[in-house]
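Visitor: Prediction below, plus the sequence it came from.
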Amino acid sequence: MKKKFASLLAFILLTFTTPDVLGQKNLPINYIKASTISHTQLANIAPNLSATGNLTYCPGGATKIVTDMTIVDPDDIGIDAIYIQISSGYSFGEDLLTLTGIHPNIVSVWNTTTGTLTLTGISSQPTYFELKAAIEDIEFSSSATNPTGIRNFSISVGQANYLPSNGHYYLFVPNIGITWTAAQAAAQASTYYGLQGYLATITSAEEAQIAGEQTIGAGWIGGSDQETEGIWKWMTGPEAGTVFWNGNFTGFTTTFAFWNTAEPNNSGDEDYAHVTAPGVGIAGSWNDLSNTGGTSGAYQPKGYVVEYGGMPGDPILHISTSTTMTIPTISAIPTAPRCGPGTVNLQATSTSGSVNWYEFPSGGMPLGSGNSFTTPIISDTTIYYAAAHYGGCLDISRIPINALVTPKPLLSFNSPYYMCDESYKVIDVETSLGVMFWYDSPTNPNPIFLGTHFVVPNIHEDTVFYAEANYNNCLSDRLPVQVNVYGVPDVNDETIVLCEGQTTILNAGNPNMTYLWSTGETTQTIITHGLTNYSVVITTLAPESCSKTKNFTIAYHSKPIISSIDIQNLTATINTVQSGDFEYSLDGVNFQNSNVFTVLEGGSYIGYVREKNQCGKDQKPFAVISYPIFFTPNGDGINDNWYVKGASNFSTAEVTIFDRFGKLITVLNKANPYWNGTLNGKQLPANDYWFVARINNSFPETKGHFSLKR
């Protein structure tokens, strides 16, 4: 220590006596003040770092990260290394820290993975003076076309990464295969310039980012649910005992958590949290593992993350300092629409400075400035450009904003339209764009029809409808379409009753119109000629030309003609050639609907039939004869003789009887009215016999058979 103290004193004396020590002029007062510190005060004192320079980065260029750097260390004139890290906002592969200028005793190494630039001596420990000058020559640049966000730079004398937002330090300690409990003990046993270490407790997105960026493999952190399954607590550091997660991967947090997808899953009794290895799910997120983790691969522990700061008794250190660099960023809604020609109001904001508006992606004079810009009247979609204007950064990051002009649909039609009452009509209203909607009022939001070909409903009076086209939510003017209604001929269908062969005059009515009959005739009246249906299309005169059809139904009543009269014993049935609305009689006076009659005895009768609507009549004489179906000629006075009842009423009546072989037995007539069952005085055997009865030439023959029983 004495040697170290003597070296410092010599350096300080050299500073006072030689204004150009080692070729360096104007040493900072920070170093000169060290001459007043006692030997006791100089022992084991941590350096004090401070920097200024909250700057703005202009994309495409390079900007120094500090405007001034101060390092105070009363007991040392130098240190082995200084670490400058992009502690938050780092964009891997795009952001870069570069040492510029001439620094013959300093070498810089850039770590792309962690975003850290390390300054060390080439052949010996560099002095603070040399390190200060080098830090002030470090520049930030980005290869991104339009970089965004804020970059925080931490400048630290140790390897641990400094987080300005909470003043803590974070260090990933490689140790392949270490268990969680061993990592907890190792972290707790470590110190950093007097700060007590502990397994990291990550309570914010910034902490998650700085821990994830430096972790080269599965790295333990201080979370566990070993006490109660599903209740995850921080087991280390000042947050020890704090619950940060409840449940499995479907659980919730009331503070902060950054689990990987479908984690924690407690697969294999996994009670301890770790930062995932690069390439495993979400970068920098957490999984749960058992105390030992995997034996190889991505889930084998590769070390642990130690956090320093926030513990009781920790010294107040200034071994790190930080600056901030802001990249002005434009944000805007990329499209601002309007319907039809007109102005469009565009909006954009910048994270720093003001906004300038341009017509072109590069060059040209600003059209305006401010967060809002109203375009001139435009008829077509036009692209404008918003750019951030801040300090020395002139119009950076021009971004396109689309002033989207949707063409307003135009309607074309010929109003008024005309239609006939009691009919439907299709009217055409064409639109230049979009889909046509129809409404029943100028304000009703609910359409009654969709399409350019509007089917007008059955209206009975002049009506106004409203047409409106919609093209990508750009509406045309809602225009009235007049539809006038013409009257139609007054017609009623008719049913006319005619007798068969009769004619009548059919009248279409509605004079002074045009007529077209189903028969081809074109007069107002026509004469029927035997058809059962007629129709006529009646049309009003032009320009209305409204038509309506009148139908005539002709009901023809047939004239009755008797075809035959069937006799069955005392029952007579009158048959007609055709059916119709007929009624029947045997005396020509008393008629009935039934054509069947029963008479009391045989005789001569006349059958009558007439049409009920006086459409004709007919009559036919007939004779009724009856005969027993058997007789018993045994001399007992009952059924001893067979005869045809009623035949005696006709002088010319003749009944011929035959046996079953067709042999003539006898002929009955007025002189021989009955048969007693004998032939030539001999009794004939019991059997069936046949007869033919002839009344006269006006009546048909009657045939039948009967039985002789003994």
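Guide: Ah, there it is. Given the structure is predicted, the values throughout are model-derived calculations rather than measurements.
Visitor: Residue 404: what's its closest spatial neighbour, skipping adjacent residues?
Guide: Spatially, and ignoring its direct neighbours in sequence, residue 404 is nearest to residue 337 (4.3 Å; CB to CB, 6 or more residues apart in numbering). For the C-beta atoms, the positions are set from N, CA and C on the backbone; glycine is no exception.
Visitor: Give the buried residues for the host helix or strand of that neighbour.
Guide: Residue 337 is located in strand 335-339, with elements delineated by DSSP states H and E. In terms of neighbour count (16 or more other CB atoms under 10 Å), strand 335-339 has its buried residues at 336, 338-339.
Visitor: before we move on, what about stretch 418-428?
Guide: 418-420, 425, 427.
Visitor: Pull up the pairing partners for the helix or strand that the strand holding residue 337 is followed by, direction included.
Guide: As assigned by DSSP H and E, the chain's next helix or strand after strand 335-339 is strand 345-350. Paired with strand 345-350 in the same sheet, following DSSP bridges, are strand 330-332 (antiparallel), strand 372-374 (antiparallel).
Visitor: what about residue 705, neighbour count?
Guide: Applying other CB atoms under 10 Å, we find 13 residues neighbouring residue 705.
Visitor: Kindly indicate whether it is helix, strand or coil.
Guide: Classification of residue 705 by DSSP: H, G, I helix; E, B strand; the rest coil places it in strand.
Visitor: wait, it sits on residue 691?
Guide: Yes. Contact status for residue 705 versus residue 691: in contact at 7.1 Å, counting by CB atoms under 8 Å.
Visitor: picking up where we left off before, pLDDT score for the residue nearest to residue 404?
Guide: pLDDT for residue 337: 91.
Visitor: and what of residue 602?
Guide: The predicted structure scores residue 602 at 76 on the pLDDT scale.
Visitor: Need phi/psi at the residue lying closest to it once chain neighbours are set aside.
Guide: Take residue 602 and drop its neighbours on the chain: the residue closest to it by CB to CB, 6+ apart is residue 646, 2.2 Å away. When read as degrees, to the nearest 10, the backbone of residue 646 gives phi 90, psi -10.
Visitor: Make residue 1 into 627 and carry on from there
Guide: Happy to do that; since the first residue is 627 now, the last one works out to residue 1272.
Visitor: Next, count neighbours for residue 1272.
Guide: 21.
Visitor: ditto for residue 1062
Guide: Here the number of neighbours of residue 1062 (other CB under 10 Å) works out to 22.
Visitor: show me what contacts the residue nearest to residue 1228?
Guide: For residue 1272, the contact set (CB atoms under 8 Å, 6 or more residues apart in numbering) comprises 1227-1229, 1249-1252.
Visitor: What's the separation between it and residue 1284?
Guide: 21 Å (CB to CB, to the nearest Å).
Visitor: Now do the same for the most centrally placed residue in the chain: its pLDDT.
Guide: The centroid of the chain falls nearest to residue 1098 when counting by CA atoms, centre = their mean (17.1 Å). We have a pLDDT of 92 for residue 1098.
Visitor: for the one 4 residues further on, same thing?
Guide: At residue 1102, the model reports a pLDDT of 94.
Visitor: Was I right to think it contacts residue 1037?
Guide: Yes. In this structure, residue 1102 is within contact of residue 1037 by CB under 8 Å, at 5.6 Å.
Visitor: the more surrounded of these two?
Guide: residue 1102 (22 against 18).
Visitor: The more buried one and residue 774, how far apart?
Guide: Taking CB to CB, one finds residue 1102 at 42 Å from residue 774.
Visitor: Where does the nearest residue in space to residue 1184 that is not next to it in sequence sit: helix, strand or coil?
Guide: In space, and not counting its chain neighbours, residue 1184 is closest to residue 1206: 4.1 Å by CB to CB, 6+ apart. Following three-state DSSP, residue 1206 is assigned to coil.
Visitor: Please list the outside residues in contact with the strand holding residue 963.
Guide: 970-973, 1027-1032, 1034, 1099-1101.
Visitor: List the contacts of residue 1293.
Guide: So residue 1293 contacts 1280-1283 (CB under 8 Å, 6+ apart).
Visitor: Show me what it is bridged to.
Guide: Beta-bridge partners recorded for residue 1293 (DSSP bridges): residue 1282.
Visitor: Model confidence for it, exactly?
Guide: At residue 1293, pLDDT is 95.
Visitor: circling back: what separates the residue nearest to residue 1030 from residue 957, distance-wise?
Guide: 18 Å.
Visitor: okay, residue 1060: pLDDT?
Guide: Per-residue pLDDT puts residue 1060 at 94.
Visitor: Is it in contact with residue 1099, as I believe?
Guide: No. The criterion here is CB under 8 Å, and residue 1060 misses it with residue 1099 at 9.3 Å.
Visitor: Okay, angle between the strand with the most length in the chain and strand 971-976 too, please.
Guide: Across the chain, the longest stretch assigned as strand under DSSP state E is strand 1019-1032. In terms of direction (axes from the mean of the first three to the mean of the last three CA atoms, to 10 degrees), strand 1019-1032 departs from strand 971-976 by 150 degrees.
Visitor: Identify the neighbouring strands of strand 1019-1032 in the sheet and state each direction.
Guide: Paired strands of strand 1019-1032, with direction, are strand 961-965 (parallel), strand 1008-1016 (antiparallel) (DSSP bridges).
Visitor: In the last one, which of the residues would be classed as buried?
Guide: Yep, that's strand 1008-1016 we're talking about. For strand 1008-1016, by 16+ other CB under 10 Å, it's 1010-1016.
Visitor: Kindly report the same for stretch 684-701.
Guide: 684-685, 689-692, 695-701.
Visitor: end to end, how far does it reach?
Guide: 40 Å (CA to CA, to the nearest Å).
Visitor: Let me know the average pLDDT across that stretch.
Guide: 91.
Visitor: Figure out how far it is from the centre of its chain.
Guide: Offset of stretch 684-701 from its chain centre (CA atoms, centre = their mean, to the nearest Å): 56 Å.
Visitor: again, but for stretch 1132-1151
Guide: With CA atoms, centre = their mean, you get 58 Å for stretch 1132-1151.
Visitor: List the buried residues of it.
Guide: For stretch 1132-1151, burial by neighbour count (16+ other CB under 10 Å) applies to 1132, 1134-1136, 1139, 1141-1143, 1150.
Visitor: And for stretch 1296-1308?
Guide: For stretch 1296-1308, the neighbour count (16+ other CB under 10 Å) marks 1301, 1303 as buried.
Visitor: and what of stretch 976-983?
Guide: For stretch 976-983, using 16+ other CB under 10 Å, the buried residues are 976-979, 981-983.
Visitor: Same question for stretch 756-775.
Guide: Quick answer for stretch 756-775 (16+ other CB under 10 Å): 756-768, 773-774.
Visitor: For this protein, which segments are assigned as helices?
Guide: Counting by DSSP state H, the chain has helices at residues 628-643, 655-659, 665-668, 754-761, 806-815, 831-840.
Visitor: contacting residues around the fifth one?
Guide: Residues from elsewhere that reach helix 806-815 (CB under 8 Å, 6+ apart): 799, 801, 804, 822-825, 846, 848, 850, 861-862, 898, 900, 915, 917, 919, 927, 929-930, 932-933.
Visitor: from the middle of its chain, how far away would it be?
Guide: 55 Å.
Visitor: Next: the last one.
Guide: Helix 831-840 sits 41 Å away from the centroid of its parent chain (CA atoms, centre = their mean).
Visitor: Can you name every helix or strand that it contacts?
Guide: Packing partners of helix 831-840 (3 or more CB pairs under 8 Å, 6 or more residues apart in numbering; DSSP states H and E): strand 707-714, strand 787-789, strand 794-800.
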